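Trainee: no letters, just coordinates:
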């Protein structure tokens with residue numbers, strides 16, 4: 001199975017635009033909020049005259065009753081207006097105050113920011129309020145903001161909604177009109193984007209209290225509303241939740257990038273932990289669901305010896321595994337599958353987890369699932385810590401538990417705590433569904449303890465509410481963004497969830513993968529028809545890269561396309577994400593986008609962009625223009641395999657697009673690279689890069705490069721004595737330059753000398 005590689009040759013370079021500004025674009029495209037105090041209604045448009053969303057009634061449930069502006073039971077008792085400033089800038093607020101029985105005050109507030117493309121909606125319970133539950137976890141007890149599902153524009157509007165586990169992997173699309181909307185509601189709900197056919201987008205999501213905030217779509221009432229979870233029964237005084245409507249005029253991907261940047265800046269989440277996470281940057285070996293050694297060892301031996309043998313096999317074959325992931329097979333569980341104690345089983349690790357760590361020296365990604373009601377840590381079972389017990393589940397309620405657990409786990413090599421089954425634990429406990437704060441406290445306590453003990457966290461089976469909560473937890477660096485891998489399934493389709501994950505500062509993880517098709521004796525009785533595709537996607541995701549092969553059945557060359565000889569992943573700057581046209585096609589289904597997976601990303605070195613495009617599972621042809629991936633007009637060269645240089649450049653421009661065809665399948669996926677073209681004194685030169693890697697120009701390989709009058713020099717890094725080969729084109733003729741990395745891990749490659757100087 002051979003994939004195609006196209007090289008897109010840029011004729012000029014361009015500079016990074018610098019930090020994004022949350023400023024209104026040139027009129028008439030900006031977010032417009034219009035209020036009608038007499039009817040307590042409001043509208044959202046993208047200009048003063050357009051209307052995208054008409055409000056639905058404001059509703060609060062309390063004392064076993066429903067109070068609404070629709071029937072006057074929610075009584076207005078005043079309006080407050082204010083001007084203030086917060087971390088988002090200066091704003092004007094309008095607060096509508098309402099009274100319900102027993103002198104209870106609630107309010108709906110609009111915060112309109114000066115020269116910004118977003119509005120914050122805030123709902124506040126000013127008094128302790130009981131009897132709020134509507135006894136439906138898919139619903140909400142309060143409706144603000146709330147909008148009608150109706151046709152409001154001459155041209156149709158579409159929607160793109162995240163929902164479900166694995167960071168919203170159950171995303172839905174369609175046109176925004178009655179009878180045609182399918183949005184995930186309740187505990188699994190996520191950010192919702194309204195789109196026009198040019199890619200303008202309004203994103204609506206919770207802005208605070210992420211674990212108790214929710215979305216509910218009512219088909220019978222043709223409305224979509226945001227508020228507190230439908231089973232929350234008691235709300236403490238002065239409890240408030242906020243929701244943001246954010247307008248992005250530059251396309252869907254850009255809208256999510258800008259929305260996410262605003263959210264991260266508000267909550268102070270930087271990229272420091274993600275950038276330095278060892279398990280994101282280096283090759284690992286995985287044993288989770290889909291891997292060969294998931295609840296299966298080598299014949300006649302235990303897991304401890306199996307993993308020692310995996311390491312020995314890797315060393316002999318030159319596979320630089322740098323850490324190991326241990327899945328749910330390693331700790332004791334109750335009959336309900338919940339965790340009793342998070343320690344290694346003696347028959348699994350005869351020398352304990354400490355023994356495995358001493359033998360391999362591998363850092364560990366340690367998997368965990370929900371706590372059993374029989375957990376030995378709970379005071380109810382003779383333990384030391386406060387838990388809420390609701391069989392078959394339990395949840396810790398004090399940070400000291402997490403701090404002690406992580407401090408001990410560091411002794412056996414824990415580096416990343418993998419919290420799996422997040423949705424199951426939250427949904428399974430009545431305590432989390434009925435509390436306004438318990439879910440949020442649970443994740444924050446876990447996160448603070450991990451940070452205090454030098455750990456990072458991977459989320460798995462995370463609903464969008466968990467994902468949004470990661471904004472407040474800097475050590476959540478990575479998360480599964482697709483369903484569990486099984487050989488041959490479509491777990492590789494994470495081009496959409498990667499948009500959401502990256503916007504929140506989290507690296508999307510594809511899960512493990514096989515690197516060869518047939519691995520005898522596997523428990524799944526399956527084969528992997530597309531190992532090249534799964535390996536490429538893992539690398540382009542920027543998340544962990546973790547094969548899970550049987551000993552003796554690894555494709556070493558395929559694994560090494562992802563990394564250098566030390567196991568450092570040679571990845572792009574950001575995850576490969578579905579292009580806007582793919583999303584628009586999914587929403588409108590009118591032939592304006594590709595029928596298949598078309599993702600783009602880039603590496604940026606100095607201020608130069610090297611774009612990467614992946615196309616797979618195409619069911620009809622599609623003409624792609626450079627502007628759709630952020631590229632400039634250029635030339636294109638097609639190659640049938642990485643090392644074949646017999647190619648002819650052809651123009652690639654808006655008038656002469658790249659024709660993606662049904663030949664871009666899963667087993668023969670197409671990969672494209674843009675590369676710079678420079679005019680030297682006596683020739684034109686194109687840098688393609690390291691042709692044997694999925695990412696030929698990666699920041700983890702090429703530190704920088706300089707262009708002189710008659711030479712191009714690249715500053716490279718890599719493993720000690722590693723040999724790398726780069727491909728250039730001089731006046732369209734291929735030139736290969738081989739280089740050996742020096743003692744310092746650095747070397748300088750010279751095109752004119754056809755050689756390297758070790759640093």
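Mentor: Ah, there it is. If you're wondering where the values come from, they're calculated on a predicted model, not measured in any experiment.

Trainee: helix or strand right after the least confident helix or strand in the chain by mean pLDDT?
Mentor: Evaluated with mean pLDDT, DSSP states H and E, the helix-and-strand set of the chain has its lowest mean pLDDT in strand 4-10, which scores a mean of 44. Past strand 4-10, further along toward the C-terminus, the next helix or strand under DSSP states H and E is strand 32-36.

Trainee: mind giving me the packing neighbours of that next one?
Mentor: For strand 32-36, the packing partners by 3 or more C-beta pairs under 8 Å, 6 or more residues apart in numbering; DSSP states H and E come out as strand 41-45, strand 104-113. No exception for glycine: its C-beta is placed from N, CA and C like everyone else's.

Trainee: change it to 10 Å
Mentor: strand 41-45, strand 89-100, strand 104-113, strand 118-125 (3 or more C-beta pairs under 10 Å, 6 or more residues apart in numbering; DSSP states H and E).

Trainee: report the angle between the longest one and strand 118-125.
Mentor: Which is strand 89-100. Interaxial angle, strand 89-100 versus strand 118-125 (axes from the mean of the first three to the mean of the last three C-alpha atoms, to 10 degrees): 30 degrees.

Trainee: hang on, the earlier thing: go through the helices and strands packed on strand 32-36 and name the closest to residue 486.
Mentor: Nearest of these to residue 486, taken as C-beta to C-beta: strand 118-125 at 40.6 Å.

Trainee: how much space between residue 118 and residue 44?
Mentor: 11 Å (C-beta to C-beta, to the nearest Å).

Trainee: let me fix that, I meant to ask about residue 420.
Mentor: Residue 420 sits 38 Å away from residue 44, going by C-beta to C-beta.

Trainee: again with residue 527
Mentor: According to C-beta to C-beta, residue 527 and residue 44 sit 51 Å apart.

Trainee: what's the answer for residue 604, then?
Mentor: Applying C-beta to C-beta to residue 604 and residue 44 gives a distance of 35 Å.

Trainee: more crowded one of the two?
Mentor: residue 44 (23 against 16; other C-beta atoms under 10 Å).

Trainee: how about the more buried one: what's its closest non-neighbour residue?
Mentor: residue 53 (4.2 Å; C-beta to C-beta, 6 or more residues apart in numbering).

Trainee: OK, contacts around the one you found?
Mentor: Residue 53 makes contact with 33, 42-45, 145-150, 152, 157, 176, 194, 202, 204, 224, 245, according to C-beta atoms under 10 Å, 6 or more residues apart in numbering.

Trainee: which stretches of the stretch 651-759 of the chain form strands?
Mentor: Under the criterion DSSP state E, counting those that start in this stretch, the stretch 651-759 of the chain carries strands at the ranges 658-660, 670-679, 684-690, 702-707, 712-717, 723-730, 733-740, 746-750, 755-758.

Trainee: out of the ones you listed, nearest to residue 552?
Mentor: The nearest among these, by C-beta to C-beta, is strand 723-730 at 25.8 Å.

Trainee: ok and that closest one relative to strand 746-750, angle-wise?
Mentor: Going by the same axes, to 10 degrees, strand 723-730 makes 30 degrees with strand 746-750.

Trainee: pLDDT of strand 723-730, averaged?
Mentor: Throughout strand 723-730, pLDDT has a mean value of 93.

Trainee: that one: how far from the chain's middle?
Mentor: Centroid separation for strand 723-730 versus its chain: 33 Å, with C-alpha atoms, centre = their mean, to the nearest Å.

Trainee: list the buried residues for that strand?
Mentor: Neighbour counts over strand 723-730 (16 or more other C-beta atoms under 10 Å) mark 724, 726-729 as buried.

Trainee: can you check stretch 734-745 too?
Mentor: 734-735, 737, 739, 741-742, 745.

Trainee: repeat that for stretch 312-330.
Mentor: Across stretch 312-330, burial judged by 16+ other C-beta under 10 Å covers 313-314, 319-330.

Trainee: circling back to that earlier point, closest to residue 277 among the buried residues of stretch 734-745?
Mentor: Using C-beta to C-beta, residue 745 comes nearest to residue 277 of those, at 20.2 Å.

Trainee: downstream of the host helix or strand of residue 449, the next helix or strand is which one?
Mentor: Using DSSP H and E, residue 449 falls within helix 438-452. Heading C-terminal from helix 438-452, the first helix or strand you meet, by DSSP H and E, is strand 456-459.

Trainee: show me how far that next one is from its chain's centre.
Mentor: 12 Å.

Trainee: direction included, what does it pair up with?
Mentor: strand 414-419 (parallel), strand 476-480 (parallel) (DSSP bridges).

Trainee: out of those strands, deepest packed?
Mentor: Looking across those with neighbours counted as mean count of other C-beta atoms under 10 Å, the highest average goes to strand 476-480: a mean of 29.

Trainee: what mean pLDDT does that one have?
Mentor: Strand 476-480 comes out at a mean pLDDT of 98.

Trainee: so how far is residue 427 from residue 164?
Mentor: 12 Å.

Trainee: centroid residue for this structure?
Mentor: residue 501 (2.0 Å; C-alpha atoms, centre = their mean).

Trainee: that one should be in a strand, yeah?
Mentor: No: applying DSSP: H, G, I helix; E, B strand; the rest coil, one finds residue 501 to be helix, outside a strand.

Trainee: contact partners for it?
Mentor: If you count contacts by C-beta under 10 Å, 6+ apart, residue 501 has them with 166-168, 260, 459, 462, 467, 470, 478-481, 494, 507-509, 541-543, 575, 577.

Trainee: and it, how far from residue 666?
Mentor: Here the distance between residue 501 and residue 666 works out to 22 Å (C-beta to C-beta).

Trainee: for the stretch 251-400 of the chain, just list every one of the strands.
Mentor: Under DSSP E, counting those that start in this stretch, the stretch 251-400 of the chain gives strands at 284-285, 323-326, 364-368, 371-372, 387-390, 393-396.

Trainee: go through those strands and name the closest to residue 569.
Mentor: Minimum separation from residue 569 across the strands of the stretch 251-400 of the chain (C-beta to C-beta) falls at strand 284-285, 9.8 Å.

Trainee: list the contacts of the residue of the chain positioned farthest from its centre.
Mentor: What lies farthest from the middle of the chain is residue 682; by C-alpha atoms, centre = their mean that is 45.6 Å. Residues counted as contacts of residue 682 (C-beta under 10 Å, 6+ apart) are 709-710, 730-731.
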